[in-house]
Structures are given as structure tokens and as C-alpha cells.
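Trainee: How does the following fold in three dimensions:
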Amino acid sequence: MVTDRLTDGVRLAQLLASEVTGNESRLRGLTVVDADRDVEPTADGALAYRIARERDDSDDGNERGDPVAEVYVQPDRVRIEATVAADAAATAARDADLRARPKATRPPRTLVFVEDGAQVKRALAVLEAVRRGPQSE
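Mentor: The predicted structure follows:
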């Protein structure tokens, strides 16, 4: 029986990024961008990276599309901010038994908290929901 839980925010963010870049089925079309490899966790959360849609047409030299989420590291957890499809992200988080709450911004965002290594896989459902984009709402 495993008694230790992975609760290091930086390591959780690394695991999540690995799932995004290595998951060729559910998350096809998403990529990690603007990664800060030297990010230091803060109590309010430090931006570790963004998750964006990949573009099929890179005529402008930009291979990434619009961000769908931002990932922040805190000392003992990761916070995912869904920047699109806030309602779909909230529903997916509840269905995956993850703690989530709305963020009162324009446009609205949903905050989803990943507090241990076991929750990283469950957070993929949230990213799948935002991958589909605003039409999910």
C-alpha cells in the first residue's frame, strides 16, 4: 500500500504537461507553450505554462493557436485556469471529482485544483472539455 502522496506543485505541473504532450488520443491538438522551466511556486500561484490549441496552418510562422488554459504552481498543488469553455470545464471538474470554482473575470474562467498525483489523470477530462472550446458552453 502506498502511503506517500505526490503533493509538490512543480512536480504536479510537470506530470500534467507530460500528459498533455504525450496523450495522442483525448488531447490531440493541444500543446504546452510559454513554459517557464525555472518556475518557483508561490502562495498565489506562479504561471508555469499555457496550454494552447495547435494550428494546422502555420503560414504566419506561429504553430500554436489560442490558449485554452493556464497552469499555475503553488507549493502543494497546481491550479488550472480554463480560459475558454468555463462552464464545460466546471462540469468536467465536478464529474472528475476535482475541486473547482468560478473566477469573476471577463470572459469568465474556471479554476480547477489538482492537489495530488492521482488527480492529474482526472484533470485530463477538464482539458478535453476546454479543447472543444467555447462551443461547449
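
Trainee: Going by C-alpha atoms from here, please, whenever you check contacts or count neighbours.
Mentor: Will do.

Trainee: the bottom helix or strand of the chain by mean pLDDT?
Mentor: strand 64-74 (a mean of 91; mean pLDDT, DSSP states H and E).

Trainee: Listing partners with orientation, what would you give for that one?
Mentor: If you go by DSSP bridges, strand 64-74 pairs up with strand 46-54 (antiparallel), strand 77-82 (antiparallel).

Trainee: so can I have CSV of those showing mean neighbour count, distance to residue 10 and mean pLDDT?
Mentor: Shown next, in CSV, are the strands paired with strand 64-74 (neighbours: other Cα atoms under 10 Å; distance: least, Cα to Cα, whole Å; pLDDT from 0 to 100):
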stretch, mean neighbour count, distance to residue 10, mean pLDDT
strand 46-54, 23, 8, 95
strand 77-82, 27, 8, 97
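
Trainee: okay, these in TSV with distance to residue 32 next?
Mentor: TSV is the format used below for these (distance: least, Cα to Cα, whole Å):
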stretch	distance to residue 32
strand 46-54	5
strand 77-82	13
